[in-house]
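Colleague: what's the 3D shape of this:
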Amino acid sequence: MVYALIIAFIGLLCAGVARADLDLTPKLLEYKSEGFKVRKLVFLESGKEVTYVPPRDWDYSGSPTKLVLHPHQKAQAEASITKSVLGAAPRFDETMTKPLVAEVLRSVPAGSTNVTLISQEINQFPIARRETFRMSWSYTFYGETYTGSLLFVNRATDQIRFQLVCRTADFEGLQKEFQHSLFTWQNL
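Modeller: A predicted model of the protein is given here:
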């Protein structure tokens with residue numbers, strides 16, 4: 001009996017080690033391409049490298065579950081890339097998207113007014129040939145209007161979320177930069 005428990009414990013330990021999730025702690029790789037200095041962030045997942053080129057001149061920091069990006073000269077702007085565990089990758093349909101929209105709208109800062117869902121789209125912005133759901137919203141907080149966008153990407157066992165929130169006046173330009181950078185993901 002004890003021998004069987006030891007074998008089972010070792011099996012569970014090995015299974016936990018074998019399954020290495022995407023770690024969003026960035027490691028910087030810099031190189032020159034056509035005379036320009038390029039920054040590429042490298043992440044590890046199950047022994048393979050996953051890479052991403054962030055928008056030019058955006059600062060970044062990360063942890064195993066979250067990468068945060070800040071554009072220069074825009075104090076009230078933040079982009080984040082987070083991951084969360086899924087049991088299985090569900091399809092984006094009304095049953096799946098309705099709670100996601102409600103969750104995001106509840107997440108605006110307390111005291112916000114004029115909270116508005118602007119848009120929601122399924123598979124209009126594919127990443128790594130995976131199904132996606134994108135939504136955008138706006139709200140007013142202490143007299144300033146903010147706009148946010150969030151792109152959900154379901155993978156086999158986790159969900160990656162690409163979010164940008166900033167002043168509405170800055171949103172169009174920053175969204176364009178952030179969205180363009182999402183096409184640079186390799187091995188995601």
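
Colleague: Going by neighbour count, list what's buried in stretch 57-68.
Modeller: Neighbour-count burial for stretch 57-68, counted by 16 or more other Cβ atoms under 10 Å, picks out 58, 60, 62, 65, 67-68. Yep, even glycine has a C-beta here, placed from its N, CA and C like the rest.

Colleague: bridging residues for Lys27?
Modeller: Val42 (DSSP bridges).

Colleague: that older thread, need the max-distance pair from the buried residues of stretch 57-68.
Modeller: Trp58 and Thr65 (19.5 Å; Cβ to Cβ).

Colleague: Only the buried residues of stretch 117-128, if you could.
Modeller: 120, 122, 125, 127.

Colleague: Helices of this structure, residue ranges please.
Modeller: 2-18, 94-106, 168-182 (DSSP state H).

Colleague: quick one on the thing from earlier: which ones among the buried residues of stretch 57-68 map onto strands?
Modeller: 58, 60, 62, 67-68 (DSSP state E).

Colleague: Now that we have these, can you turn them into a markdown table and tack on pLDDT and distance to Ser33?
Modeller: As requested, these are arranged in a markdown table below (pLDDT from 0 to 100; distance: Cβ to Cβ, whole Å):
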| residue | pLDDT | distance to Ser33 |
| --- | --- | --- |
| Trp58 | 96 | 18 |
| Tyr60 | 97 | 19 |
| Gly62 | 96 | 23 |
| Leu67 | 98 | 22 |
| Val68 | 98 | 25 |
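
Colleague: Tell me the one among those residues nearest to Thr95.
Modeller: Among those, and counting by Cβ to Cβ, the member closest to Thr95 is Leu67, at 29.1 Å.

Colleague: for that closest one, which residues make a bridge with it?
Modeller: With DSSP bridges as the rule, Leu67 is bridged to Gly62, Ile81.

Colleague: can you pull the contacts of it?
Modeller: Contacts of Leu67 were listed using Cβ atoms under 8 Å, 6 or more residues apart in numbering, and they are 24, 26, 41, 60-61, 80-82.
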